[in-house]
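>>> got a sequence here, can you build the structure:
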Amino acid sequence: MTPLLLISLILSSFSFSQDTIMRSLYWAALGLFSALLASAEVAKRCSAPPEQPPARLEEKFSRRRGFSSGEKVSYTCPEDFTPRGSRSVQCLEGKWTKLALKCEKRVCGNPGDLPNGQFKYKGNSFIGQKVFATCNEGYTLKGLNYMVCKSSGWTGEFPKCEEGAATCSSPAVDHTVKAAGKVSVYQLGDNVTFTCSQGFQLNGAPQVTCGPGGRWQPRLPRCLPSKERPAQPSRSKTGGCGKPLATKENKANLADKYITMATFASGDRVHYTCDVGHAPAGGSRFRMCRNGKWTPLFLKCEPKQCGSAGEILNGQFTYTGVEFGDTATAVCDKGYTLVGPATRNCKNNGWDGRVPVCEAMVCETAPEGTNAERKNLQEPPYTFRSVIGYKCREGTLVGPKEIWCTKTGTWSAPPPTCKVITCPSPIVSNASWAGAQINLYQYRDTISIECNTGYTMIGQSSVTCGLDGQWSPDLPKCRRTGHAVVN
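Numbering: from 1, shown residues only. Reported below is the predicted structural model:
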């Protein structure tokens, strides 16, 4: 049964004049029409936009719960993501359009060309991942063999591939009892020290170094039976040598046992050791006195390599280099603070100190002074990115519905409060509105106003109760049709 038929049946049971019946029917129809119109307006509104992880709704929209048809809202991507596509969605006929925004994880891309080598990836070059360097045959790696992808790009010392054989085979010397650090393959610069078995005597250098071309330098020694000691060069009283001069350019020093000696006979040999923080990198460490002159020193000493200073969770090291005397300085990611010394130094025995720690920034206890109720029950400590949500049992939430701990250790905003917000009954002369006729309306209530017959509306017909307890936009006015409007 239609509303108009129902009204006709009710009126037929009473005795009214025709004029009275027509007026009653007119007002009943007008009220029904207004109610249907208001219902349609409400149906066109949208609730809060949906969550679209990893995309996030912009903060200025997250505080609202209702949106009118035609309104648009925007989303953003987290810091480590790159946005692709439109960031906006629109409220149409009570539904939100589909979000086209794609948040793609940031990549560092190609780190560049590595002369005499190449980079190898383990997966994609996303933030937090590494790229590893390998050198071509005949070249050896200097420095760290990897770089790390950070939000600022590839970080770390750029690797180098220097010419020279990368490995040496294990040296074989008969009648030895000990070969320090014995392995199957040795890298360029590795040292091996020999000790002969009982009854044998070393003939040659006690220590050799893996040099360019995969050759041990100097020549491998021999272990000879003690009774077959090699003949000692005859010492003549003439043709001797004085104390050998220092050779600073070689980064080497005369061995301690020769320091106190002032004269040497022809045929005598001395050996050198590398300076602190340096290691043999080829060439013989021996010099010989011949006819009153010392033979040249070919020992090459290079700074020791310290390699990586360590891995820092939520941070990284920045290097001046990875050789003796270089430094590595710890830098924490945004939202984290350093605990421990920031700098490590490359010393003779490796990096000094310990790897520091990057701890998340901590915010003080959740702000007080609000009558809003917390939605989540997280207990202190509140670290970087911790979120506290609020809700109201009564009234309307005024302020952000969520606050979070920022990278500086402060809260993103003061907590919201709950406030009972009402608007007075709209008073518009020569007009009526659909819905309940009440004295107070709640926040976000929307009504539709219609001018009486013979009047024209100036302003918007649909108004909403706002946060300030006022109708928005301003209430319209109804002017008699045909009358000029004076501004």
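>>> pLDDT-wise, which helix or strand of this protein ranks last?
When the helices and strands of the chain are scored by mean pLDDT, DSSP states H and E, helix 3-12 comes last with a mean of 48.
>>> domain map for this structure?
1-44, 361-416, 421-487 (automatic domain parsing).
>>> tell me how far the last one lies from the chain's centre.
Its chain's average C-alpha position is 52 Å from that of domain 421-487, according to C-alpha atoms, centre = their mean, to the nearest Å.
>>> can you classify residue 257 by secondary structure?
Under DSSP: H, G, I helix; E, B strand; the rest coil, the three-state class of residue 257 is helix.
>>> tell me how far it lies from residue 207.
The spacing between residue 257 and residue 207, counted by C-beta to C-beta, to the nearest Å, is 15 Å. Quick note: C-beta positions are derived from backbone N, CA and C, even for glycine.
>>> neighbour count winner among these two?
Neighbours per residue, other C-beta atoms under 10 Å: of residue 257 and residue 207, the larger number sits with residue 207, 15 against 9.
>>> pull out the buried positions in stretch 399-417.
Buried residues in stretch 399-417, counting neighbours by 16 or more other C-beta atoms under 10 Å, are found at 399-406, 409, 411, 415-417.
>>> put together JSON lines for these, with pLDDT, distance to residue 266 and secondary structure on each row.
Output for the buried residues of stretch 399-417, formatted as JSON lines (pLDDT from 0 to 100; distance: C-beta to C-beta, whole Å; DSSP: H, G, I helix; E, B strand; the rest coil):
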{"residue": "399", "pLDDT": "86", "distance to residue 266": "95", "secondary structure": "coil"}
{"residue": "400", "pLDDT": "87", "distance to residue 266": "91", "secondary structure": "coil"}
{"residue": "401", "pLDDT": "87", "distance to residue 266": "94", "secondary structure": "coil"}
{"residue": "402", "pLDDT": "88", "distance to residue 266": "89", "secondary structure": "strand"}
{"residue": "403", "pLDDT": "89", "distance to residue 266": "87", "secondary structure": "strand"}
{"residue": "404", "pLDDT": "89", "distance to residue 266": "82", "secondary structure": "strand"}
{"residue": "405", "pLDDT": "89", "distance to residue 266": "79", "secondary structure": "strand"}
{"residue": "406", "pLDDT": "89", "distance to residue 266": "78", "secondary structure": "coil"}
{"residue": "409", "pLDDT": "88", "distance to residue 266": "75", "secondary structure": "coil"}
{"residue": "411", "pLDDT": "90", "distance to residue 266": "84", "secondary structure": "strand"}
{"residue": "415", "pLDDT": "90", "distance to residue 266": "92", "secondary structure": "coil"}
{"residue": "416", "pLDDT": "91", "distance to residue 266": "95", "secondary structure": "coil"}
{"residue": "417", "pLDDT": "89", "distance to residue 266": "99", "secondary structure": "strand"}
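>>> most widely separated two among these?
Using C-beta to C-beta, the pair of these lying farthest apart is 409 and 417, separated by 23.8 Å.
>>> for residue 340, what are its contacts?
330, 353, 354, 355, 356, 357 (C-beta atoms under 8 Å, 6 or more residues apart in numbering).
>>> which among these end up buried?
Buried by 16+ other C-beta under 10 Å: 330, 355, 356, 357, out of these.
>>> biggest separation within those residues, which pair?
Greatest spacing in the buried ones among the contacts of residue 340, by C-beta to C-beta: 330 and 357 (9.0 Å).
>>> overlap of the contact sets of these two?
Both residue 330 and residue 357 are in contact with 312, 338, 340, where contact means C-beta under 8 Å, 6+ apart.
>>> circling back: which of the buried ones among the contacts of residue 340 fall within strands?
Among the buried ones among the contacts of residue 340, the members falling in strands (DSSP state E) are 330, 357.
>>> so can I have CSV of the buried ones among the contacts of residue 340 showing pLDDT and distance to residue 92?
Shown next, in CSV, are the buried ones among the contacts of residue 340 (pLDDT from 0 to 100; distance: C-beta to C-beta, whole Å):
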residue, pLDDT, distance to residue 92
330, 93, 52
355, 92, 55
356, 92, 54
357, 92, 51
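>>> for the buried ones among the contacts of residue 340, give me JSON lines that also has distance to residue 363.
Compiled in JSON lines, the buried ones among the contacts of residue 340 are given as follows (distance: C-beta to C-beta, whole Å):
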{"residue": "330", "distance to residue 363": "23"}
{"residue": "355", "distance to residue 363": "26"}
{"residue": "356", "distance to residue 363": "22"}
{"residue": "357", "distance to residue 363": "19"}
